[in-house]
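Trainee: okay, predicted coordinates and the sequence, questions at the end:
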Amino acid sequence: MDQWSRDQVMKGLQELVPDITFLKKSEEFDGKKGGIWTSGEHDLLYNGMPPFDHSVEYGDFPRSWTGDKKHGELSVKTMYVNGVHREIFSWLEERDWYPKWYDPDTVFFWKNTGEHETDTLRDIRNHPEGDVDDISGEILKRLNAKFQSEK
């Protein structure tokens, strides 16, 4: 799939999370061009859960407790990657965009130009074991699985 434009991603996010009302261009926040700015502090729901949650403090109880038949065996915490619902994260990734938290209440989405990799590598160097609530933990988990399967 080709990389989507900012307007396409904004429209797509509004279709994916119909109740989203706060979705602005990054220039309105700090002048940095090209991104999408939204809030992680509103009461939106995506498949019964917040679409963006910086803290992901719901714990390891199974999704079946919330009535989710599709993901019932997964814990709530595993439904997020870098504080973004896993399905939304994958949707962004397929369109060559990625999330970046500014603070616990503010999340941006940026085109993947390869520049954000340096931030991720710095996070991995600073936390070699990774962090289960951060993209570095997900990357290390995937790399470890890949290397284990190649042995």
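Mentor: Perfect, thanks for sending it.

Trainee: in this protein, which helix is the longest?
Mentor: Ordering each helix of the chain by length in residues (DSSP state H) puts helix 135-150 first.

Trainee: show me what that one is packed up against.
Mentor: Judged by 3 or more C-beta pairs under 8 Å, 6 or more residues apart in numbering; DSSP states H and E, helix 135-150 is in contact with helix 116-126. C-beta here means a position set from N, CA and C on the backbone, and glycine is covered the same way.

Trainee: what mean pLDDT does the helix it packs on get?
Mentor: In this model, helix 116-126 has a mean pLDDT of 58.

Trainee: rewinding a little: mean confidence score for the longest helix of the chain?
Mentor: Here the average pLDDT along helix 135-150 is 71.

Trainee: equivalent analysis for stretch 93-101, please.
Mentor: 91.

Trainee: one more: stretch 53-62?
Mentor: 60.

Trainee: and the gap between Ser149 and Ile20?
Mentor: 38 Å (C-beta to C-beta, to the nearest Å).

Trainee: neighbour-wise, which of those two wins?
Mentor: Taking neighbours as other C-beta atoms under 10 Å, Ser149 and Ile20 compare with Ile20 leading, 18 against 7.

Trainee: per-domain residue ranges of the protein.
Mentor: Taking automatic domain parsing as the domain assignment, the ranges for the chain are 6-113, 115-151.

Trainee: Asn47 contacts Arg86, correct?
Mentor: No: the pair Asn47 / Arg86 is not scored as a contact, 9.9 Å apart, by C-beta atoms under 8 Å.
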